[in-house]
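Student: Output the structure for:
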Amino acid sequence: MHRLGRSLHPLLRLLLALFLVNSAASEQPSIPKENLLVLTVATKEPDGFKRFMQTANHLNYTVKVLGAGEEWRGGNIPHSIGGGQKVRLLKEEMQNYADRDDLVVLFTDSYDVLFASGPEELLAKFQQFNHKVVFAAEGLIWPDNRLADKYPNVRRGKRFLNSGGIIGYASSINSIVEKWQLQDNDDDQLFYTKIYVDPVKRVALNITLDHKSNIFQNLNGAVDEVELKFEPTRVRTRNIIFDTLPVLIHGNKQTKHLLNYMGNYVPDAWTSETGCTICDTDLLEFSSLSKFPSVTVGIFIERPTPFLPEFLERLFSINYPPEKLTFFIHNKEVYHEKHIHTFWEKHKGKLKVKFVGPEEVLSEGDARNMGMDYCRQNPECDYYFNLDSDVVLTNPNTLKLLMQQNRRIIAPMLIQYKKLWSNFWGALSPEGFYARSEDYINIVERSRVGVWNVPYIAHVYLIKGEVLRTDLKEKNYFNLDRMDSDMSLCRNFREKKIEKEKGSPTPESCHMFKPPKGVFMYVSNLHEFGRLLPTEGYNASRLHSDLWEIFDNPLDWKEKYIHPKYSEIFTGGVVEEPCPDVFWFPIFSETTCDELVEEVENCGEWSGGKNEDKRLVGGYENVPTDDIHLTQVGLDQVWLHFIREYIAPVALKLFSGYHTKGFAMLNFVVKYTPERQAYLKPHHDSSTFTINIALNNKGIDYQGGGCKFHRYNCAVESPRKGWSFIHPGRLTHLHEGLPTTNGTRYIAVSFVDP
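Tutor: Got it, this is the predicted structure:
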């Protein structure tokens with residue numbers, strides 16, 4: 001036996017010794033938590049580092065940070081070789097623990113890593129490996145694929161080393177890193193790889209890889225291998241190939257978006273039982289401030305937008321000290337200049353505003369760059385609040401609520417009415433465009449409520465001024481290739497930007513590359529904030545284009561055009577009955593009346609009150625009025641929808657049991673004047689019921705007028721602007737239009753269910 005032992009190859013003897021050591025190790029007691037040292041390198045503290053530390057602290061890890069405040073000279077790692085600075089810093093630190101065989105050291109990246117479980121599980125899993133050092137593993141080799149053949153084969157699992165995660169005994173890790181003699185911008189992974197692929201060194205140092213992601217889960221090349229495992233009070237990332245629950249999740253290379261998605265849940269940022277557990281941490285307390293922060297509000301009217309006057313008026317509903325608000329308004333559309341002018345004439349002197357109009361001929365990207373720079377160049381600007389004209393903020397506290405979350409960039413979640421279209425993306429396609437995340441619908445429908453790290457926000461967002469003056473100091477973020485401006489902005493936020501003067505990168509020049517922005521974008525659905533307006537179908541060629549928006553933007557149409565007391569029709573107290581079965585109720589706002597009159601007058605094709613009428617099927621009208629049909633101005637479909645949405649419920653309430661079809665062939669605006677047609681002779685209407693809406697004011701716009709019902713010898717002589725009569729059309733309600741003695745009277749009439 002002695003001669004056999006002496007005749008064994010040295011490598012076999014070493015393997016035999018390691019087997020005996022490992023067998024003994026398997027019987028050792030658990031490693032105490034106090035014997036764990038967690039190290040990471042962070043020269044700065046971007047959002048990714050803060051998230052890493054948040055998960056570490058939450059799971060009771062104590063982390064020692066190396067390189068704090070030091071200039072990063074380790075290159076732009078995702079795009080080139082680099083990272084040697086991390087090895088140098090680790091080498092310096094490990095000299096303090098060179099003889100500690102009992103101390104377990106975890107060395108991990110931090111900007112793109114999060115903890116999923118605590119120290120006890122980490123140490124137990126490490127101990128099960130029965131090796132001195134365990135490196136993370138991945139399925140893709142970097143940076144030198146020529147070394148692939150030198151890697152030992154594995155029957156199942158990830159084959160290649162990843163340097164983003166290392167765990168081992170201090171003395172053993174020291175034995176590895178003490179060999180480092182290279183520069184900060186040399187590649188750390190290549191250094192470790194060359195040690196690992198050398199079979200003698202691998203065995204001597206007792207190194208292995210975490211082939212099945214028991215401890216380290218690298219997402220690069222493994223996007224389809226992981227899923228979230230939801231439990232009532234915690235969330236884990238599960239590797240479905242190996243059925244493992246890794247302790248650390250590493251979003252290396254182009255998988256940062258997936259890591260950010262997982263970070264919205266892991267380890268328990270949001271659970272089904274607790275909801276959002278991080279939404280109340282590190283909040284901005286207004287009570288602790290000596291004064292309110294100053295805000296620059298960047299308003300962008302980049303395309304024809306419905307309900308712009310209402311948008312501008314809502315600026316005064318922002319619940320924030322007005323003296324702390326400064327406005328930058330860019331209007332690209334000549335069509336909206338009249339709205340801007342009216343707004344400014346009404347509120348001149350109430351706001352601090354810088355206007356940039358269509359005469360400047362700025363692209364959208366240039367205008368947005370200018371607005372952002374308007375805040376950046378002002379050291380007093382604490383926040384930049386981007387607000388596009390298609391945003392309807394119904395929550396007056398939106399600005400304060402966003403500030404309170406104390407994020408560097410945050411948006412309120414908005415959606416289009418009754419649609420899933422929102423102002424954020426939950427995921428990205430491989431090409432960098434929209435992809436639906438698994439939780440997108442849950443967030444949009446608010447079945448999950450929280451503050452979510454997302455790859456894209458648009459339309460409305462809040463950015464801290466200090467971020468613009470530090471991380472986002474450049475003046476062009478909105479013009480990137482042929483992307484739209486918001487996609488360009490978000491891509492600039494998300495991705496590392498490589499800038500070099502000439503030639504290809506070299507190891508010596510890698511440190512000159514700009515570091516990643518590291519800026520997270522968040523969207524909050526903690527509250528109801530408002531909605532987005534669809535603008536694609538908006539036709540700005542009309543005089544009052546908003547009148548046509550009943551289909552695309554029904555809520556805003558209702559708010560602008562339906563009488564504010566309309567809902568009281570159904571609660572009692574507002575409907576009047578001046579004559580039997582003649583009911584009188586509020587239906588249109590003053591704006592509706594004015595705009596409808598202006599539209600028909602702009603058309604100008606009045607019939608003249610003649611019996612011959614080519615607009616009718618028979619070409620003859622027995623009781624003609626001087627009118628314009630709504631088909632002539634293109635409002636016929638809008639009007640029919642109005643009847644079905646707003647008149648039909650009233651008819652059902654007032655004429656119990658009658659369900660209208662909401663159909664009307666004749667819908668028209670009548671003009672009464674003493675000169676053209678002052679009155680209308682007694683007649684029945686060809687309808688089941690008729691509506692008659694007053695469009696202007698008696699005593700102001702005209703004198704006389706009204707309607708008399710002969711069967712009941714009852715007249716309504718004082719119509720109210722925006723109010724409608726509704727009465728049966730046939731048989732019982734013979735009626736006439738009373739003479740208009742002065743001015744011009746307008747009414748809108750529909751013969752419903754002919």
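Student: quick one: the helices in the stretch 501-650 of the chain?
Tutor: If you assign secondary structure with DSSP state H, counting those that start in this stretch, the helices in the stretch 501-650 of the chain sit at 554-561, 590-603, 636-642, 648-654.
Student: my bad, the stretch 651-754 of the chain
Tutor: Using DSSP H, counting those that start in this stretch, the stretch 651-754 of the chain contains no helices.
Student: coming back round to it: okay, the helices of the stretch 501-650 of the chain in CSV with mean neighbour count and distance to Phe583 next?
Tutor: C-beta coordinates here come from the backbone N, C-alpha and C atoms, glycine included. Supplementary listing: these in CSV, determined by neighbours: other Cβ atoms under 10 Å; distance: least, Cβ to Cβ, whole Å:
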stretch, mean neighbour count, distance to Phe583
helix 554-561, 18, 21
helix 590-603, 18, 19
helix 636-642, 18, 18
helix 648-654, 17, 5
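Student: With respect to Gly609, which of those helices lies nearest?
Tutor: Counting by Cβ to Cβ, Gly609 lies closest to helix 590-603 out of the helices of the stretch 501-650 of the chain; the figure is 14.8 Å.
Student: What's the local residue count around Gly618?
Tutor: In terms of burial, Gly618 registers 7 neighbours under the definition other Cβ atoms under 10 Å.
Student: tell me the secondary structure for the nearest residue to Asn453 once chain neighbours are set aside?
Tutor: Spatially, and ignoring its direct neighbours in sequence, Asn453 is nearest to Asn260 (4.3 Å; Cβ to Cβ, 6 or more residues apart in numbering). Going by DSSP: H, G, I helix; E, B strand; the rest coil, the secondary structure assigned to Asn260 is helix.
Student: Show me the contact partners of stretch 89-102.
Tutor: Contacts with stretch 89-102, where a contact means Cβ atoms under 8 Å, 6 or more residues apart in numbering, come from 35, 37, 39, 41, 64, 66-67, 70, 103, 105, 107, 169-171, 173-174, 177-178, 180.
Student: Now, those residues that are in strands?
Tutor: For the contacts of stretch 89-102, membership in strands holds for Leu37, Leu39, Val41, Lys64, Leu66, Val105, Phe107, Tyr169, with DSSP state E as the criterion.
Student: Hmm, the fifth one is touching Val38, no?
Tutor: No - with contacts counted by Cβ atoms under 8 Å, Leu66 stays clear of Val38, the gap being 11.1 Å.
Student: ok, back up a step: can the helices of the stretch 501-650 of the chain go into TSV with extra columns for distance to Glu227 and mean pLDDT?
Tutor: As requested, the helices of the stretch 501-650 of the chain are arranged in TSV below (distance: least, Cβ to Cβ, whole Å; pLDDT from 0 to 100):
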stretch	distance to Glu227	mean pLDDT
helix 554-561	38	98
helix 590-603	53	98
helix 636-642	45	98
helix 648-654	48	96
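Student: Compare those helices and give me the one nearest Leu666.
Tutor: Among the helices of the stretch 501-650 of the chain, the nearest to Leu666 by Cβ to Cβ is helix 636-642 (10.2 Å).
Student: Who are the packing partners of the closest one?
Tutor: With contacts taken as 3 or more Cβ pairs under 8 Å, 6 or more residues apart in numbering; DSSP states H and E, helix 636-642 sits against strand 664-672.
Student: Okay, helices next: where are they in the stretch 251-400 of the chain?
Tutor: Under the criterion DSSP H, counting those that start in this stretch, the stretch 251-400 of the chain contains helices at 256-263, 308-314, 337-347, 364-376, 398-405.
Student: Now do the same contact list for Leu738.
Tutor: Taking Cβ under 8 Å, 6+ apart as the contact definition, Leu738 lies against Tyr679, Gly704, Gly705, Gly706, Cys707, Lys708, Ala715, Glu717.
Student: top of these by neighbour count?
Tutor: Among the contacts of Leu738, the one with the most neighbours (other Cβ under 10 Å) is Gly705, at 25 neighbours.
Student: Select, out of the helices of the stretch 251-400 of the chain, the one closest to Leu284.
Tutor: Minimum separation from Leu284 across the helices of the stretch 251-400 of the chain (Cβ to Cβ) falls at helix 398-405, 5.2 Å.
Student: Let me know the distance separating the residue nearest to Ile587 when sequence neighbours are not counted from Arg711.
Tutor: Across the structure, with Cβ to Cβ, 6+ apart as the measure, the residue nearest Ile587 apart from its sequence neighbours is Ser724 (4.5 Å). Note on Ser724: its distance to Arg711, by Cβ to Cβ, to the nearest Å, is 20 Å.
Student: between those two, which one's more packed in?
Tutor: Neighbours per residue (other Cβ under 10 Å) separate Ser724 from Arg711, with Ser724 holding more: 25 against 13.
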